[in-house]
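>>> Sequence first, predicted model second:
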Amino acid sequence: MSSASPSGLPRARALGIEFPGKPGTHNAITDVPGVEVGYVTKIEGQNIRTGVTAILPRGKEGVGSACAAAFYSLNGNGEMTGTIWIEESGSLSMPILITNTHAVGQVHSGVIEWVVENKPSVAAQWLLPVVAETWDGYLNEINKIVITKDDAKKAINSAASGLIEEGSVGGGTGMNCYQYKGGSGTSSRSVKYADKNYTVGAFVQANFGSREELSIRGVSIDHSLTPNPIAHLDWFEKDQKRTGAPGGAGSVIVIIATDAPLLPLQCKALAKRVPLGLARTGTAGSHFSGDIFLAFSAANKGSFASNFPIGDATNTDFDTSISIPWGRMDEFYTATVQAVEEAVINALVVNKDMEGRDGHKSYALKLDW
């Protein structure tokens, strides 16, 4: 397991922070076989600090091949498209993309264009991409729509397995977490089941929480002497001519992946455990934070599809799958909670100070702590 990100920045474990559970090879969502992650990061001039993240459950070749899936919203002050169909069918067959709040439309259109160009047989039916967002308007000129359809396609095309970058990359580029510099983070856990080893991986786009809430492995960071310009109401009052945003405002998107064979309702059970991992880092879940989570199982390939039927049904025309018994799900719940907690801390640790829109500053967590 790498203790540093591809850019060479230390991850949380490299600082001596101890986390429970056994991580996978890369301690990343990409430890789940087939899962690929790609980024487009846009840092331009003084005011542009944004990007796009693509998570492909079965890789680029597997777009259109359904997975069991479910979502859960802790607080709905946010957006994740495609979730009505996921709730109805219990399946996900599209890439998952994460960006900033005002770029959802462009990214959604970009996913459709990518599928039309690369998977025309899939596009011949209907496409309901999953695009989620968090708000980067403190560091990024969010009302200037610089994310394009091509950026969404580039993020998908760049998706790869293995160790992935964290911090201020992709959709997490301009994000803040606990009023420190936040963004993208990941972690994984290995779960032994009989003679098999399954993986549960988490990916977070962390843009939530107020400074006084942050706790790392039970140790409060409330005594921080790091400047916190995000908490100064004058920037919001000056820009928006109205009362400043509450300290916990923001959002967090969490994607949970596993190769364990799960039913859609079991995926929802994993998604419902995400808030427990977030709570370990201190958040109480602000009303002004969109906290939305999606979990999928990459097992049971060939099941959970909703394709147009061809011809009459036959005696072998059945959808079949296996699943972990409900009574044996606890270890997967634990793995989810542990991976989410560490993914958030990685998003904070693998980071640097950033200056963005109109000189706004966000300071990274000081690693010597």
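Done, it's in.
>>> Could you point out which residue ranges in this protein have low pLDDT?
Counting by pLDDT under 70, the chain contains low-confidence ranges at 233-245.
>>> Where do the helices of the stretch 251-369 of the chain begin and end?
Here the stretch 251-369 of the chain has its helices, by DSSP state H, counting those that start in this stretch, at 264-280, 330-349.
>>> tell me which strands and helices the first one is in contact with?
Packing partners of helix 264-280 (3 or more Cβ pairs under 8 Å, 6 or more residues apart in numbering; DSSP states H and E): strand 67-76, strand 196-207, strand 250-258, strand 289-297, helix 330-349. From N, CA and C alone the C-beta is placed, and that goes for glycine too.
>>> export these to JSON lines and tack on mean neighbour count and distance to P229?
JSON lines is the format used below for these (neighbours: other Cβ atoms under 10 Å; distance: least, Cβ to Cβ, whole Å):
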{"stretch": "strand 67-76", "mean neighbour count": "22", "distance to P229": "25"}
{"stretch": "strand 196-207", "mean neighbour count": "27", "distance to P229": "16"}
{"stretch": "strand 250-258", "mean neighbour count": "29", "distance to P229": "15"}
{"stretch": "strand 289-297", "mean neighbour count": "28", "distance to P229": "20"}
{"stretch": "helix 330-349", "mean neighbour count": "25", "distance to P229": "17"}
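>>> could you redo those as a markdown table and give each row distance to K153?
A markdown table is the format used below for the helices and strands packed on helix 264-280 (distance: least, Cβ to Cβ, whole Å):
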| stretch | distance to K153 |
| --- | --- |
| strand 67-76 | 22 |
| strand 196-207 | 19 |
| strand 250-258 | 20 |
| strand 289-297 | 21 |
| helix 330-349 | 25 |
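>>> out of the ones you listed, nearest to I230?
Closest to I230 of the helices and strands packed on helix 264-280, according to Cβ to Cβ: strand 250-258, at 9.6 Å.
>>> Of the helices of the stretch 251-369 of the chain, give the one that comes closest to S224.
When the helices of the stretch 251-369 of the chain are compared by Cβ to Cβ, helix 330-349 sits nearest S224, at 11.7 Å.
>>> which ones are touching R217?
I17, E18, F19 (Cβ atoms under 8 Å, 6 or more residues apart in numbering).
>>> just S2 next, same as before
By Cβ under 8 Å, 6+ apart, the residues touching S2 are R11, H26, N27, L163.
>>> which one among those gets closest to K301?
Closest approach to K301 among the contacts of S2 (Cβ to Cβ): H26, at 22.3 Å.
>>> So for that closest one, what's the nearest residue that isn't a sequence neighbour?
Of all residues not flanking H26 in the chain, L163 sits nearest, at 4.6 Å (Cβ to Cβ, 6 or more residues apart in numbering).
>>> what's the helix or strand for the one you found?
L163 belongs to no helix or strand when assigned by DSSP states H and E.
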